[in-house]
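A.B. asks: Provided below are the primary sequence and the corresponding predicted coordinates.
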Amino acid sequence: MSNLKTSHPVIQVSGIRKTYGRTVAVDEVSFEVNDGEIFGLIGPNGAGKTTTMECVEGIRKPDRGTISVLGLDPFRQVYKLQERIGVQLQQAQLQKRIKVWEAVDLWASLYRKKSVDGERLLEQLGLIDKRDAWFMNLSGGQKQRLFIALALINDPEVVFLDELTTGLDPQARRAIWELVRGIRERGKTVFLTTHLMEEAERLCDRVAIIEHGRIIDIDTPQRLVARHCPERTVVLDTDDASAEERFRAIPRVESVVRSDLQFTIRGQGDDLVTEVIHCLSENRIRVTDFRMIVPSLEDVFLKLTGHSIRD
């Protein structure tokens, strides 16, 4: 993870609002993205993620509020900014019958500054053997790799990725995650949107949770989990007759549920697991199975919004 303390913001968004008729898509949204971090805007479809990102990229103009990217105004200094950012395309923006190398060449020609070596980029993204393939014949994962290549062609300082792995199988998704980590390792800043909580948890240094156009909370995934879901659960199997009574005596244990030989012990804070292990060794309780259930970003989302991301 990048060291967030010493970095400075490359994106500053302050109080932006965007409405379409009576629909408020983005409502008083403020956040900062630090240099060299992967920052995720997370929330369900229709929460305002894409609209927010398009405002930051300079594609849409907010009704009010201010945005600064690399010290530039995305609307007044749009051409200066475009030279320094990389934006992931959506599928509809490429012709079906364009070859991979042609797309890379075309994109490179759009920038005034010397672009990165397209062939090398295709090699790094595992697309070199597809350089002569038509776009329409690529798999979902290969198309997303090409979109990443096109977003990186001008060697940008900030890269924008919108719902990057939606519709990909788990293997392709993990490969794309590796590529995104690689972008950060080159010293670039990544601003992404996703409705996949595992993706946010695995990739992002910090996340902003957005729902109904408003940001609910911003922090590292770990701190969000610690703040909103401090409960911990230990599930273990034992045939020790005295176990239940011993477990109930553990400090900070809130409930012990027994089902045959299996016990589910719930309590608050990271100490819970240590306390359970201490209790087992102190009382010489023999255990045949032991596992810990730690809350995730999905649980945080559920707690903060009252519904699952999938609802």
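C.D. replies: Right, received. Where do you want to start?
A.B. asks: residues contacting the residue nearest the centre of the chain?
C.D. replies: With the centre of the chain defined as its mean C-alpha position, the nearest residue by C-alpha atoms, centre = their mean is Ala200, 2.6 Å away. Neighbouring residues of Ala200 by C-beta atoms under 8 Å, 6 or more residues apart in numbering: 40, 42, 194, 207, 221, 297. Glycine gets a C-beta too; all of them are placed from N, C-alpha and C.
A.B. asks: next SSE downstream of the helix or strand where it lies?
C.D. replies: Following DSSP states H and E, the helix or strand that holds Ala200 is helix 197-203. Where DSSP H and E defines the elements, the next helix or strand beyond helix 197-203 is strand 206-211.
A.B. asks: how far does that next one sit from its chain's centre?
C.D. replies: Counting by C-alpha atoms, centre = their mean, to the nearest Å, strand 206-211 is centred 9 Å from the centre of its parent chain.
A.B. asks: circling back to that earlier point, which two among the contacts of Ala200 are spaced furthest apart?
C.D. replies: Across those, no pair lies farther apart than Thr194 and Pro221, at 12.0 Å, counting by C-beta to C-beta.
A.B. asks: return stretch 112-123 as CSV; C-alpha atoms alone will do.
C.D. replies: The C-alpha coordinates for stretch 112-123 follow below in CSV (Å, rounded to 0.1, in the frame of the first residue of the first chain):
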residue,chain,number,x,y,z
ARG,A,112,0.7,15.7,-28.9
LYS,A,113,3.3,14.3,-26.6
LYS,A,114,5.3,11.2,-27.4
SER,A,115,3.2,8.3,-26.4
VAL,A,116,4.6,5.1,-24.8
ASP,A,117,5.8,2.2,-27.0
GLY,A,118,2.5,0.6,-28.0
GLU,A,119,4.1,-2.8,-28.8
ARG,A,120,5.7,-2.9,-25.4
LEU,A,121,2.4,-2.0,-23.8
LEU,A,122,0.6,-4.8,-25.6
GLU,A,123,3.3,-7.2,-24.4
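A.B. asks: ok, residues contacting that stretch?
C.D. replies: 83, 100-101, 104-105, 107-108, 128, 130-131, 149, 152-155.
A.B. asks: repeat that with 6 Å
C.D. replies: By C-beta atoms under 6 Å, 6 or more residues apart in numbering, the residues outside stretch 112-123 that reach it are 83, 104, 108, 128, 131, 149, 153-155.
A.B. asks: what does stretch 286-295 give?
C.D. replies: For stretch 286-295, using C-beta under 6 Å, 6+ apart, the contacting residues are 225, 229, 233-238, 273.
A.B. asks: let me have those residues in TSV, extended by pLDDT and distance to Asp35.
C.D. replies: Below are those laid out as TSV (pLDDT from 0 to 100; distance: C-beta to C-beta, whole Å):
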residue	pLDDT	distance to Asp35
Val225	93	25
Cys229	92	30
Thr233	95	38
Val234	96	40
Val235	97	42
Leu236	97	45
Asp237	97	49
Thr238	96	51
Val273	92	36
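A.B. asks: give me the domain ranges for this structure.
C.D. replies: Structural domains assigned to the chain are 9-225, 230-294, following automatic domain parsing.
A.B. asks: what's the closest of the ones you listed to His307?
C.D. replies: So among these, domain 9-225 is nearest, using C-beta to C-beta, at 8.4 Å.
A.B. asks: okay, now the unreliable bits of the stretch 101-250 of the chain?
C.D. replies: 115 (pLDDT under 70).
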